[in-house]
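Student: model this:
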Amino acid sequence: MGDNHKMSNFRWMICSLLFFATTVNYLDRQVLSLTWKDFIAPEFHWTDADYGIITGYFSLIYAFCNLFAGKFVDWMGTKKGYMWAIFIWSLAACAHAACGWGTVQLVDGVDSVSAMRTIEAGSAVALSVASVSVWLFLGCRCMLALGEAGNFPAAIKVTAEYFPPKDRAFSTSIFNAGSSVGALAAPATIPLIAEHCGWEMAFIIIGALGFVWMGFWQFLYRKPAENPRVNAEELAYIESGNEAAGSDKAKAELEKGIGYIRAFSLRQTWSLVLGRFLTDGVWWFFLFWTPGYLSDQFGYKSSSGMGMALIVTLYAIVTFASIYLCKLPTYMVDRKGMNPYEGRMVAMFLFACFPLLALGAQPLGSFSAWWPAILIGFACAGHQAWSANIYSVVSDMFPKSCIGTLTGIAQCAAGLGSFCVNRGAGELFTFAEKQGAAFAFLGYEGKPAGYMIVFCYCAVAYIIGWICMKSLVPHYKRVEI
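Tutor: The predicted model follows:
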């Protein structure tokens with residue numbers, strides 16, 4: 001048999017592009033969490049509540065934008081839609097670097113960025129600097145949210161275009177691992193850039209990576225049937241498990257979208273909404289607050305060797321464990337004969353048990369900071385495996401023509417859940433720190449008690465989410481539009 005009959009594997013090149021886009025996405029998102037506590041907060045006199053405002057409202061705007069980002073991707077198409085998304089978020093990432101300059105221009109009595117550090121803490125000028133800088137950073141985060149909202153709807157739509165149903169969870173887990181790799185690379189690079197070049201350069205250098213990615217996407221991406229790098233054998237494999245591509249029903253599916261009223265009338269939609277709303281805040285909490293937690297509880301700055309080692313270890317566990325776990329649904333389908341939805345739900349129940357390990361983070365932290373890092377790592381690995389499969393549930397239950405819309409709705413719910421967790425955590429930590437010994441929970445006092453409360457929610461959120469999803473859609477049923 002000649003080489004021309006061997007199946008090409010260009011779908012994995014596309015998957016690698018999705019992986020790198022998601023990596024850049026999370027690098028851009030992590031710059032603030034790795035610089036705020038040790039570099040930005042002293043300069044702008046921020047409290048935990050100030051940081052909670054920024055992360056919380058970023059999540060809220062991200063949620064709102066996701067509601068329309070999926071629809072935009074369905075309308076614009078994956079190629080142009082993805083290009084616009086990464087252009088906007090890369091520009092926004094770079095714009096954070098100007099927030100210090102902007103604060104100097106807007107606050108009377110401040111002559112330079114360096115002078116802000118010397119202002120008396122708690123003074124009227126310090127409060128003014130904190131307030132103005134929070135709003136400037138929040139403006140940049142809103143622009144970042146607008147662009148980043150397009151990443152997952154576009155990536156999930158591309159995955160549905162380039163992979164058959166049985167491989168979608170695995171391919172999704174690979175590109176979704178970009179979030180872990182981004183979070184893994186961030187602590188090894190961003191604090192060092194901030195330490196030696198200033199926190200502003202950390203935003204600029206990391207933000208510029210998105211513009212590089214745009215060149216590769218423009219050159220390599222086309223739909224499978226139109227891509228000269230995809231041969232007939234690979235195209236046939238991509239279409240396997242789908243309805244006959246030439247049928248009238250399949251052709252109609254490619255054209256017909258879904259309206260919001262129709263979408264929200266479906267139990268399948270609400271299953272996705274609750275599954276994301278209840279759980280995504282957990283991931284974003286650990287993403288945004290872990291560097292601050294290690295600094296507060298153990299005294300390890302994000303730029304210190306130990307601080308970087310702890311965070312790198314955490315996300316190394318997340319990256320490799322989540323990819324391995326995501327092979328489970330394929331095993332359920334190929335070896336156990338389950339349909340993709342049934343296999344995914346069995347696997348997701350197992351993934352939902354991993355975050356229970358977060359209950360041990362605070363108690364074992366009394367022995368070593370390595371215990372919280374390791375336990376949070378495995379909890380987040382469970383989240384990433386859960387997340388990859390809940391993304392794939394969309395393509396299991398809905399036609400390709402409306403995957404972007406439904407993914408956007410699910411992402412909106414995820415952002416709302418994250419807003420509640422991050423905004424609440426910021427207020428809780430500030431309140432608990434002020435109350436000191438007067439605030440107690442499960443044997444912990446002050447701020448440690450606040451962390452324990454949030455860890456308890458993180459531990460049980462996935463079990464509750466799984467129960468909600470299974471109750472709403474107990475058996476596989478594909479949506480007809």
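
Student: can you give me the distance of D50 to T189?
Tutor: 25 Å (CB to CB, to the nearest Å). Every residue, glycine included, has its C-beta placed from N, CA and C.

Student: show me which of those two is the more surrounded one.
Tutor: Taking D50 and T189 together and counting by other CB atoms under 10 Å, D50 has the greater number of neighbours (21 against 17).

Student: wouldn't the more buried one be in contact with V132 here?
Tutor: No. Judged on CB atoms under 8 Å, D50 makes no contact with V132 at a distance of 11.3 Å.

Student: the residue nearest the centre of the chain and L220: what is the separation?
Tutor: Centroid-nearest residue in the chain: S179, 6.2 Å away (criterion: CA atoms, centre = their mean). S179 sits 22 Å away from L220, going by CB to CB.

Student: kindly report the same for A121.
Tutor: From A121 to L220 the distance is 52 Å (CB to CB).

Student: these two: who's more crowded?
Tutor: Taking other CB under 10 Å, A121 and L220 do not tie; L220 has more neighbours (14 against 9).

Student: quick one: pLDDT of the more buried one?
Tutor: Each residue has a pLDDT score; the one for L220 is 89.

Student: contacting residues around it?
Tutor: By CB atoms under 8 Å, 6 or more residues apart in numbering, L220 lies in contact with 13-14, 17, 229.

Student: from the residues you listed, list the buried ones, please.
Tutor: Neighbour counting with 16 or more other CB atoms under 10 Å marks 13-14, 17 as buried within these.

Student: buried residues in stretch 229-237?
Tutor: 230-231, 234-235, 237.

Student: could you name the helices and strands sitting against the helix or strand where I86 lies?
Tutor: Element membership for I86, per DSSP states H and E: helix 78-95. Judged by 3 or more CB pairs under 8 Å, 6 or more residues apart in numbering; DSSP states H and E, helix 78-95 is in contact with helix 10-35, helix 48-76, helix 124-148, helix 151-162, helix 199-220.

Student: now with 6 Å, please.
Tutor: helix 124-148, helix 151-162, helix 199-220 (3 or more CB pairs under 6 Å, 6 or more residues apart in numbering; DSSP states H and E).

Student: for T22, find the nearest of those helices.
Tutor: helix 151-162 (6.4 Å; CB to CB).

Student: and the closest one, what does it pack against?
Tutor: helix 10-35, helix 48-76, helix 78-95, helix 165-197, helix 403-435.

Student: now with 10 Å, please.
Tutor: Judged by 3 or more CB pairs under 10 Å, 6 or more residues apart in numbering; DSSP states H and E, helix 151-162 is in contact with helix 10-35, helix 48-76, helix 78-95, helix 165-197, helix 232-239, helix 370-397, helix 403-435.

Student: name the residues of the third one that are buried.
Tutor: Right, the one you point to is helix 78-95. Buried, per 16+ other CB under 10 Å, within helix 78-95: 78, 81-95.

Student: ditto for the last one
Tutor: Burial within helix 403-435, assessed by neighbour count using 16+ other CB under 10 Å, is assigned to 403-430, 432-433.

Student: where does the stretch 51-200 of the chain dip in pLDDT?
Tutor: 169 (pLDDT under 70).

Student: mind redoing it with 90?
Tutor: 51-53, 55-79, 81, 100, 104-130, 148-189, 191-192, 195-196, 198 (pLDDT under 90).

Student: list the buried ones in stretch 103-114?
Tutor: Neighbour-count burial for stretch 103-114 [16+ other CB under 10 Å]: 103-104, 107, 110, 113.

Student: who's in contact with it?
Tutor: 43-44, 98-101, 115-116, 118-119, 123-126, 128-137, 198, 200 (CB atoms under 10 Å, 6 or more residues apart in numbering).

Student: quick one: that stretch to chain centroid distance?
Tutor: 34 Å (CA atoms, centre = their mean, to the nearest Å).

Student: thank you kindly, that will do.
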